[in-house]
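**Q** The following comprises the amino acid sequence and a computationally predicted model.
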Amino acid sequence: MHRSELSDYLAERRADVDRMLHSYLPGPKCEPPLIHEAMRYSLFAGGKRIRPILCLAACESVGGRRDLVLPFAAAIELIHTYSLVHDDLPAMDDDEYRRGKLTSHKMFGESTAILTGDALLTAAFTMLAEKGLASRISPKKILRVTLELGAASGSTGMVGGQLNDIEAQGQNDISLESLKRMHTHKTGVLIRASIRIGGILGGAGPKKLSQLTAFGEKVGLAFQIADDVLDVEGEAKNLGKSVGRDHSRGRATYPALMGLSLAKKEAVVLIEDALAGIKYFGPEADPIRHIAAFIIDREK
């Protein structure tokens, strides 16, 4: 798959996810209009949709039908967007811009932003249940993927990782193992869950699901390391937000702990190991292979 083919693939899958989200969310004039306008503002602010696309690609990699998985993939993006809205709040990262636009609390006010995140999180699980019940997927599988997403998003997953990140700010003695655990929970678990959900709904057997799980763990950590690197050497116009914020906040990152060169090498090794773990998958897994490589070769 050439770079142009990958670009087309990502654009097509992103459009599929956006159509699903547009059709599911209440319109901006639905009562109360402010919350629905704010939800759509953050959700359609230009995200890459990497997590739902990985979900769809994982489904394809085991011979599944992505049209059946699309609503579940879209629900993952609702979770991710809620997390960004809350991460940007003054009590958390206090960011003014996200994806080149004012953050939710700067646009709508802090109280509305908090409620927007709450609404996006709730909508994700409503969507799982509603679309799941209307599908031909077994109720057991629907419950299984709901549990996957809930566990990845909660206190032992993404939320816990975010708390670890806040607690680690300004600490000079954090270990590499602690940093890995924090990054794995803050970012990696939702990426791993996205891939696992695609595999489960695509009909993966135990062996292939185990291989996808290991793949997702490595890709998820590499994604966060790549984000750390971009905060050091990325360009604000590409990232849509200020660069160098991690350093100014005293945040624990791979470049801060290992140095920029070693952090880059660590991300490359993780992706190489991830790809080695699915080397016996057929050509239907080519998209997810190329997405993994793209994750550490992106500009935003």
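**A** In hand now; what should we look at?
**Q** Give me the distance between the closest residue to residue 63 other than its chain neighbours and residue 1.
**A** In space, and not counting its chain neighbours, residue 63 is closest to residue 284: 6.2 Å by C-beta to C-beta, 6 or more residues apart in numbering. Just so you know, the C-beta spots here come from the backbone N, C-alpha and C atoms, and that holds for glycine as well. Distance, residue 284 to residue 1, using C-beta to C-beta, to the nearest Å: 12 Å.
**Q** Over to residue 187?
**A** Taken as C-beta to C-beta, the span from residue 187 to residue 1 is 25 Å.
**Q** So these two - more neighbours on which side?
**A** Comparing residue 187 with residue 1 by other C-beta atoms under 10 Å, the one with more neighbours is residue 187, at 24 against 15.
**Q** Which pLDDT value belongs to the nearest residue to the more buried one once chain neighbours are set aside?
**A** The shortest distance from residue 187 to any non-neighbouring residue, by C-beta to C-beta, 6+ apart, is to residue 224 (4.0 Å). pLDDT, residue 224: 95.
**Q** Does residue 224 lie in a helix or a strand, and which?
**A** helix 206-233 (DSSP states H and E).
**Q** Can you give me the buried ones in that helix?
**A** Of all the residues in helix 206-233, those buried under the rule 16 or more other C-beta atoms under 10 Å are 208-209, 211-232.
**Q** ok, now stretch 155-170?
**A** Quick answer for stretch 155-170 (16+ other C-beta under 10 Å): 157, 158, 159, 160, 161, 162, 164, 165, 168.
**Q** just stretch 167-181 next, same as before
**A** 168, 174, 179, 180.
**Q** which one of those residues is nearest residue 137?
**A** Using C-beta to C-beta, residue 180 is the member of the buried residues of stretch 167-181 that sits closest to residue 137, with 34.3 Å.
**Q** How are the helices of the stretch 201-300 of the chain distributed by residue range?
**A** Along the stretch 201-300 of the chain, the segments classed as helices by DSSP state H, counting those that start in this stretch run 206-233, 236-239, 245-248, 254-258, 260-277, 286-295.
**Q** so which of those gets nearest residue 93?
**A** helix 245-248 (7.5 Å).
**Q** for whichever strand or helix holds residue 151, packing partners?
**A** Per DSSP H and E, residue 151 falls inside helix 139-153. Under the contact definition 3 or more C-beta pairs under 8 Å, 6 or more residues apart in numbering; DSSP states H and E, helix 139-153 sits against helix 66-87, helix 110-133, helix 189-202.
**Q** Tell me which residues of that helix come out buried.
**A** Buried, per 16+ other C-beta under 10 Å, within helix 139-153: 141, 142, 145, 146, 148, 149, 152, 153.
**Q** Repeat that for stretch 109-116.
**A** Buried-residue list, stretch 109-116, by 16+ other C-beta under 10 Å: 112, 113, 114, 115, 116.
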